[in-house]
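1. no sequence for this one, just the structure:
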């Protein structure tokens, strides 16, 4: 999923800047004091070192295997396995991050917590204003163009029938812009409630792990079901497109997969 979303970038370009990007994101939303900034940078560096040494080899293997299998249409079952693998990779990373994140977050004072959630609320309000400015038709058109652009970074130009299939799938997907914001707010509300009880270090650490590893546990049942239906639609779309790739398109996809595998392998050694 990361690869499809960032098909215009290389793994090395993304990864070599992650420490700075993560620090900027946190520091933009959180007023750090004293040695907190240095501690944050140290924690990010340690987590990325663990990730580079233990996780990137697994990612490289996954891309290499997918590249080999993509010599012919992958089929729905193979794509489902790839998504399950990606989910497991994400969960493993969040499970490792959570204890150190909980320890750092537990050290925030009340003014910092208030400032953090004020920044979150302002972000959400701005997103809601943007959603309100556009009609449903305009949002659909933008989603369709974004989907085509992301896929074409991997395949090269899609033909008319392939583009129509992407447009059909995008139109069939349930629009979840506002529901996404609502359920993100629910997740943050549970996170804030956990922060109010952070004096109990053990219980707080368990709550942070749950919210990091299983963010969907804070969502409504309706939203979980809708996201799963959309996920099924898009996996079906990828399977359908994969079956229609021309030899040139298939070779481009395999070349991109090989590049990601090689970049990830190189990153494991610095």
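-> Arrived safely. Since the model is a prediction, treat every value here as computed from it, not as a measurement.
2. can you map out the strands along the chain?
-> Counting by DSSP state E, the chain forms no strands at all.
3. need the longest helix for it.
-> Longest helix in the chain, counting residues (DSSP state H): helix 75-106.
4. Now that one: buried residues?
-> 76, 79, 81-82, 85, 93-94, 96-98, 100-106 (16 or more other Cβ atoms under 10 Å). C-beta here means a position set from N, CA and C on the backbone, and glycine is covered the same way.
5. Equivalent analysis for stretch 25-45, please.
-> Of the residues in stretch 25-45, 26, 30, 36, 40-41, 43-44 count as buried by neighbour count, 16+ other Cβ under 10 Å.
6. ok, back up a step: so what does the longest helix of the chain touch, helix or strand wise?
-> Under the contact definition 3 or more Cβ pairs under 8 Å, 6 or more residues apart in numbering; DSSP states H and E, helix 75-106 sits against helix 36-54, helix 56-69, helix 201-213, helix 221-244.
7. now do 6 Å
-> Contact here means 3 or more Cβ pairs under 6 Å, 6 or more residues apart in numbering; DSSP states H and E; on that basis helix 75-106 packs against helix 36-54, helix 201-213, helix 221-244.
8. between the ones you listed, which gets nearest to residue 172?
-> Among the helices and strands packed on helix 75-106, helix 221-244 comes nearest to residue 172, with 5.9 Å by Cβ to Cβ.
9. Give me the contact list for the closest one.
-> Residues outside helix 221-244 that contact it (Cβ atoms under 6 Å, 6 or more residues apart in numbering) are 73-74, 76, 79, 162, 165, 169, 172-174, 176, 179, 183, 216.
10. which among those end up buried?
-> For those, buried by 16+ other Cβ under 10 Å: 73-74, 76, 79, 162, 165, 169, 173, 179, 183.
11. among those, which are in helices?
-> Going by DSSP H, the helices hold 76, 79, 162, 165, 169, 179, 183 from the buried ones among the contacts of helix 221-244.
12. Could you work out the most separated pair of those residues?
-> Checking those with Cβ to Cβ, the most distant pair is 162 and 183, at 32.1 Å.
13. Looking at the protein, name the residue that lies furthest from the middle.
-> Most distant from the centre of the chain: residue 34, at 31.4 Å, with distances by Cα atoms, centre = their mean.
14. got a pLDDT number for that one?
-> We have a pLDDT of 82 for residue 34.
15. Which residues are in contact with it?
-> For residue 34, no contacting residues are found, by Cβ under 6 Å, 6+ apart.
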